[in-house]
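1. My questions are about this predicted structure, shown below with the sequence.
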Amino acid sequence: MSAAMLTDIAQDQAELSAIRRDIHTHPEMGFTETRTAALVAAKLREWGIEVTEGVGGTGVVGVVRGTRPLSPSNRERAIGLRADMDALSIHEQTGAAYASTNPGVMHACGHDGHTTMLLGAAKYLSRNRDFAGTVNLIFQPDEEGGKGALKMLADGLFERFPCDAIYGMHNMPGYEVGKFALRTGPLLAGTGLWKVNFRGT
């Protein structure tokens with residue numbers, strides 16, 4: 001990332017911090033992310049981005065089109081950037097000034113941060129459109145319940161918003177600031193279930 005890009009992004013830090021804290025204060029469980037989705041859609045529209053709401057329930061998709069002329073070789077080129085919006089059924093006891101006001105629900109997995117990071121990328125792209133192709137900004141409901149992506153796909157996500165590739169990320173508390181952990185293939189892409197029987201003696 002260039003110094004110029006970092007400087008450009010840094011001008012949005014105060015606004016993005018306020019957005020993240022607002023989302024953290026008002027967490028919503030999977031498929032009930034109506035307030036979060038409305039906030040996302042409002043911000044995207046404020047920045048001049050095309051918005052489609054209600055994709056797969058409470059999902060939101062923003063579309064940023066580049067201004068460079070398209071050639072026959074990249075005429076349909078598009079990527080997707082994805083973030084999850086839902087919270088967990090955990091009662092927050094952090095004492096933070098921006099702690100959850102929704103009893104029993106908390107952004108304990110960082111989806112408030114993920115949503116804000118994608119909004120930050122959206123705002124940057126909205127004023128830096130010197131690229132050929134399309135960026136689809138995918139705000140997914142119900143990641144924790146495991147059904148949000150399936151509902152968006154069933155609602156025609158990739159038919160309506162074709163992507164040649166799609167990228168997502170997950171925060172990693174404790175990892176060095178400014179560093180990314182990568183690997184070939186899936187990473188943090190699923191959960192496992194098992195059953196344990198305890199017998200007293």
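-> Noted; the coordinates are in hand.

2. So which residue is dead centre in this structure?
-> In the chain, the C-alpha nearest the mean C-alpha coordinate belongs to Ala83, at 1.8 Å (C-alpha atoms, centre = their mean).

3. Then that residue would be within a helix, right?
-> No: Ala83 sits outside any helix when classified using DSSP: H, G, I helix; E, B strand; the rest coil, being strand.

4. Tell me which helix or strand comes right after the helix of greatest length in the chain.
-> When the chain is parsed with DSSP state H, its longest helix is helix 111-127. Later in the chain than helix 111-127, the nearest helix or strand by DSSP states H and E is strand 134-140.

5. Quick one: distance of the helix or strand just after that next one to the chain centre.
-> Proceeding N to C from strand 134-140, the next assigned helix or strand is helix 148-154, under DSSP H and E. On the basis of C-alpha atoms, centre = their mean, to the nearest Å, helix 148-154 sits 15 Å off its chain's mean C-alpha point.

6. same thing with stretch 116-123?
-> 8 Å.

7. just the helices in the protein please.
-> Using DSSP H, helices in the chain cover 3-10, 13-25, 34-46, 111-127, 148-154, 157-160.

8. any idea which of those is most buried?
-> Sort the helices of the chain by mean neighbour count, taking mean count of other C-beta atoms under 10 Å, and helix 111-127 sits at the top with a mean of 21. Yep, even glycine has a C-beta here, placed from its N, CA and C like the rest.
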